[in-house]
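# Quick check, what structure comes out for this input:
(chains A and B)
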Amino acid sequence: MTVAERPVEPLHRRLGVTDDELHAIRERLGGRNPNDLELAMFSVMWSEHCSYKSSKPLLRTLPTTGEGVVAGPGENAGVISIGDGLAVAFKIESHNHPSAVEPYQGAATGVGGILRDIFTMGARPIAVLDALRFGDPADARTRHLVDGVVRGVGGYGNCVGVPTVGGELVFDPSYTGNPLVNVMAIGLMEERLLTLAAAPGPGNLVVLYGSATGRDGIGGASVLASATFTDDDPSKRPSVQVGDPFAEKLLIEASLELIERGLVEGLQDLGAGGITCATSETADRAGTGIVVDLDAIPRREPGLEPFEVLISESQERMCAAVLPKRWDDVREVCQRWGLPVAIIGRVTADGDITVVEGGLDPDGRRAPGARELARIPARALTSDAIVHHRIAAAPTHRRGAPAPGAPDEVSDRLPERGMDPGAVLLALLGSANLASRHAVFHQYDSTVGADTVAGPGRGAAVLRVKGTTKALVATTDGNGAVGAFDPWLGAALAVAEATRNVSITGARPLGVTNCLNYGDPTRPEAFWQLTEGVRGLADTCLALGLPVTGGNVSLYNESPTGPIAPTAEIGVVGLLGDVATLVGPAFERAHDAVVLVGEAVPGLAGSAYAALAGTAAEDDPPPIDLAREAALQAYIREAIGRGLVASAQDVSGGGLGVALAECAMWGELGADVRVAVDHSPAVDLFGESPSRLVLSCRPRYAAALELLARQHGLPVETIGSVGGDRLVIELTLAGAGGHADERSGSVADALEVPLRELLHAWDHGLARAIGWEG
Amino acid sequence: MPVRIGVVVFPGSNCDRDTVAALELAGAEPVVLWHERATLDGAAAVVLPGGFAYGDYVRAGVIARFSPVMRAVADFAASGGLVLGICNGFQVLAEAGLVPGALLRNASLRFAGQEVAIAAEWLDTPFTHLIDTRRPLRMPVAHGEGRFYADDATLDALDREGQVIFRYVDAAGERAGPEHPANPNGSLRAIAGVMNAAGNVAGLMPHPERASEALLGSDDGFGIVRSLVESAGRAANSGGQVVGAGAATAGSR
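Okay, here's the model as predicted:
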């Protein structure tokens, strides 16, 4: 076929709008065809990224109400009251595809975007956590992406002065062509300053302040975020936004001052979909319309087409609804912070987003000779956008199942066949996914703000709340490795582990934010994974009594190397009433008792141990009992509240062996424990059965800790004591009662490793894996 | 009556509120000095806090030195007023020529956000006299351009004249070598902070204001904050002149 013969794709398809969607657009325009500008506006607003058109029906099933919830899904961020007239705002969001194309700017603008969601509500951002997923760390492209993303997160967060206090870094081959960059931000606010993203009051001014509008990020939402990657296509590079953290810093200060002084009626940041999104969402929420004066929008360069101005995703911009009498004050604040500011339109009563060229007169009426370029009902762009009911179908084959006749080489490396369990423990501690992350988080400012009680690297982050005895405890978690086998379980485990990591500090989890990273929703298997993930999220939040206060859905996470492991990334914020009662994971003092709560169940699939063994798993991941998880978390909070606990660590990646090693390394204290082999050495020492804790306490409290655990229906056992300069674990064969007895259990195997060897493996593992020195 | 201490705020300052909080904790009355105003509002001492003054896209502190407030700070320093620059504040002071040396990109070419140990070289300066020990002081650093640099002759002179006020040290308290992590940025001679020749202007890269409460992991920095506040109080009472500046008392270590 020659070029001349190739049929020209109609504009709507080139913009990612399907024929069916074009039909639905016509219905919402009273039967007429959209003009090109209107079509461009629809194309971004009806993108998966802005409209949630595939996920909306699923998200409605999530529990969203709970104690203290001030703002939930649908607002820029969830807000929960923490008493004393204060509230915490928090949300997690993805910037996966921009980061795959241009890792530094992709990650940087990911941080910028989520920070704006926080301060738009009236909260000062106090912390960032970044949850990252990459492919094989030995791969040169992965290393390039890790380096760029880490520099981007740091380059932006460090400059705006918000500490990066936590997050994750996980390597799995499924993320090779499609890394995940999920960023969570937390803000603290006076509850009375809660500001909503609405444009109420016809006649009010629509004010745009912050950076001028340019050509960067044209179609970011539709082109980048809502389609599968065919390759890291250079032609998509103009769709990546460029961040200016200094401008963001000015934007934070100016916005918080505007809110504090009551100068704005509503506030919305400009992110995906730019001016089109900000105006239509704020108008729709308030039941109003907005007329946009195209010529009034400050521009970075001449010659911008109207559609470019309206859908540009230029960063660091805010849109406010302002009473006319407050305009002079608003302008003064913005100018003092060095920010361009302009009246770009008026709130109207007609419910439409109208774009005019040729100006508005001082009363907001169209100037003589002004031309109307677009008119769309605001709700058609937002709340009444199209919804697709996709088809879900479970896969017919199990991922990871060994091919028929495959050699059984995995078992040869297992401890039960004679491998030294101490060597396995060292290998796990030094593995890319479990080694210390300091090489990464030392590139972040984790202490600016002077609130960081516990920063990155050792469990949940803890931030004190100035002027109170309280602290906020925050963490993120996701489990794609298990999600690949069972997407319900992957999501459930992520919620369980994130909340557990908050509870083991003594804090009460307040709510959950989520970033759902899945594949192409038009593929029935990928949509089934999303459906199962949302179900796992909902089930677990209900079991734990927690509201989902917001989040983000990122679909089309696929590349030529295949879809990603389905990854429900969970962010949790908890409240600790008295920071003096905070409990950490590290052993505290010699002679303390070591208490194990919970029990191992068979199953190694999805574990770090299975990844280390390097072959396809032959079993299923260990299941979770949600009622037990709830009991475990209630138990540990009560035990800490009663002052019984010296240290608390949960058993997760790398199993009990790694949990004990972490408690020992971080406390610079060894331990001598006995672990009963109920199943196999691999399962009992390195399996990742959920709902388990390693506690330490004064010896005289051990009986009380055990009794309390039994009252909560939890298996519990004192397994040894803290002390010395090495970790000693004796594996004992289970007696008739099912558990080893210190006197009668015979020793099957033993592990004895000096702390400095554990530390050495853990300290250097990551830098070695990704080819960084030091 | 609490002594007024000015905290300069550039639009990109991001440690100003932390600095204000630490000064309040030390009993001072901090006053914010906006960068566009060439006045110190009667402050008895001035702190230039950390941050990214005007974005620092060109080089840290390079634009800030031309701001109106820095004219007032330079005059104040010239008349013997106490000035402390922390992190970006140190970079601004160095760019303005108020303290010797330059702060280059970290030797690792990466941002360094970590806890370090430093030791005060002198315990009789206006910035250190309430530090009661020469044991290592633990506090955070957070910077991309903190590698102290000067030519050999200048370094020799700084050592000779007693203008090196803080050095990075290792866990044992010995002067750090050029290597990460004890020397987080590759600073020459492990220099973490310096004074001007008169001893009334000092800058350091680590953040004492973030290490002023035990709850945050260390209060080793509070001695520096308290020293400044106490010295400012004395200066206010004696009409502005600072006594006991380090350079004049070299040899008393």
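# Next, work out how far apart the residue of the stretch 1-150 of chain B found nearest chain A and residue A:447 are.
Chain A sits closest to residue B:14 of the stretch 1-150 of chain B, with a gap of 2.5 Å, by CB to the nearest CB. For glycine as for every other residue, the C-beta is placed from the backbone atoms N, C-alpha and C. Taking CB to CB, to the nearest Å as the measure, residue B:14 falls 12 Å from residue A:447.
# Residue B:66 now?
30 Å.
# cool, residue A:43 as well?
For residue A:43, the distance to residue A:447 - CB to CB - is 44 Å.
# go on, residue B:130?
According to CB to CB, residue B:130 and residue A:447 sit 23 Å apart.
# Kindly report the same for residue B:169.
In terms of CB to CB, residue B:169 sits 20 Å off from residue A:447.
# Residue B:130 and residue A:447: which is more packed in?
Ranked by neighbour count (other CB atoms under 10 Å in any protein chain shown), residue B:130 and residue A:447 place residue A:447 first, with 26 against 18.
# That one touches residue B:116, doesn't it?
No - applying CB atoms under 8 Å as the test, residue A:447 and residue B:116 come out as separate, 11.7 Å apart.
# Need the overlap of contacts for the two.
residue B:140 (CB atoms under 8 Å, 6 or more residues apart in numbering or on different chains).
# give me the residue from the stretch 151-300 of chain A nearest chain B.
Closest point on the stretch 151-300 of chain A to chain B, by CB to the nearest CB, is residue A:161, at 2.5 Å.
# who does the lowest-mean-pLDDT helix or strand in chain A pair up with?
Within chain A, no helix or strand scores below strand A:747-754, which has a mean of 85 by mean pLDDT, DSSP states H and E. According to DSSP bridges, strand A:747-754 has the following sheet partners: strand A:726-733 (antiparallel).
# Looking at the partner strand now, give me its mean pLDDT.
Strand A:726-733 carries an average pLDDT of 92.
# Which residues belonging to that strand are considered buried?
A:726, A:727, A:728, A:729, A:730, A:731, A:732 (16 or more other CB atoms under 10 Å in any protein chain shown).
# how close does the fourth one get to residue A:762?
So that's residue A:729. In terms of CB to CB, residue A:729 sits 16 Å off from residue A:762.
# Can you confirm whether whichever helix or strand comes after the least confident helix or strand of chain A lies near chain B?
Per DSSP states H and E, the first helix or strand lying C-terminal to strand A:747-754 is helix A:755-770. No - on the criterion CB under 8 Å from any CB of the partner chain, helix A:755-770 is out of touch with chain B, staying 10.6 Å away.
# Pull helix A:755-770 out as PDB, backbone CA atoms only.
What follows is helix A:755-770 as a C-alpha-only set of coordinates in PDB (Å, rounded to 0.1, in the frame of the first residue of the first chain):
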ATOM      1  CA  LEU A 755      26.300  -9.200  63.600                       C
ATOM      2  CA  ARG A 756      29.000  -7.500  61.600                       C
ATOM      3  CA  GLU A 757      28.600 -10.100  58.800                       C
ATOM      4  CA  LEU A 758      24.900  -9.500  58.700                       C
ATOM      5  CA  LEU A 759      25.500  -5.800  58.600                       C
ATOM      6  CA  HIS A 760      28.100  -6.000  55.900                       C
ATOM      7  CA  ALA A 761      25.800  -8.100  53.600                       C
ATOM      8  CA  TRP A 762      22.800  -5.800  54.300                       C
ATOM      9  CA  ASP A 763      24.800  -2.500  53.900                       C
ATOM     10  CA  HIS A 764      26.400  -3.300  50.600                       C
ATOM     11  CA  GLY A 765      23.800  -5.300  48.800                       C
ATOM     12  CA  LEU A 766      22.000  -2.600  47.000                       C
ATOM     13  CA  ALA A 767      25.000  -0.600  45.800                       C
ATOM     14  CA  ARG A 768      26.500  -3.800  44.500                       C
ATOM     15  CA  ALA A 769      23.200  -4.900  42.800                       C
ATOM     16  CA  ILE A 770      22.800  -1.600  40.900                       C
END
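# got the angle between it and strand A:747-754?
80 degrees (axes from the mean of the first three to the mean of the last three CA atoms, to 10 degrees).
# SS state for residue A:595?
Residue A:595 carries the three-state label strand when classified by DSSP: H, G, I helix; E, B strand; the rest coil.
# Give me the distance between it and residue A:496.
Where residue A:496 is concerned, residue A:595 sits at a distance of 20 Å (CB to CB).
# These two - which one has more neighbours?
Each of residue A:595 and residue A:496 has its neighbours counted (other CB under 10 Å); residue A:496 has more, 30 against 24.
# Tell me who's in contact with the nearest residue to the residue of the stretch 151-300 of chain A closest to chain B once chain neighbours are set aside.
In space, and not counting its chain neighbours, residue A:161 is closest to residue B:14: 2.5 Å by CB to CB, 6 or more residues apart in numbering or on different chains. The contact partners of residue B:14, taken as CB under 8 Å, 6+ apart, are A:159, A:160, A:161, A:249, A:448, B:50, B:51, B:52.
# Kindly report the same for residue A:456.
For residue A:456, the contacting residues are A:164, A:165, A:166, A:167, A:437, A:441, A:444, A:446, by CB under 8 Å, 6+ apart.
# Residue A:370 too?
A:356, A:357, A:358, A:359, A:360.
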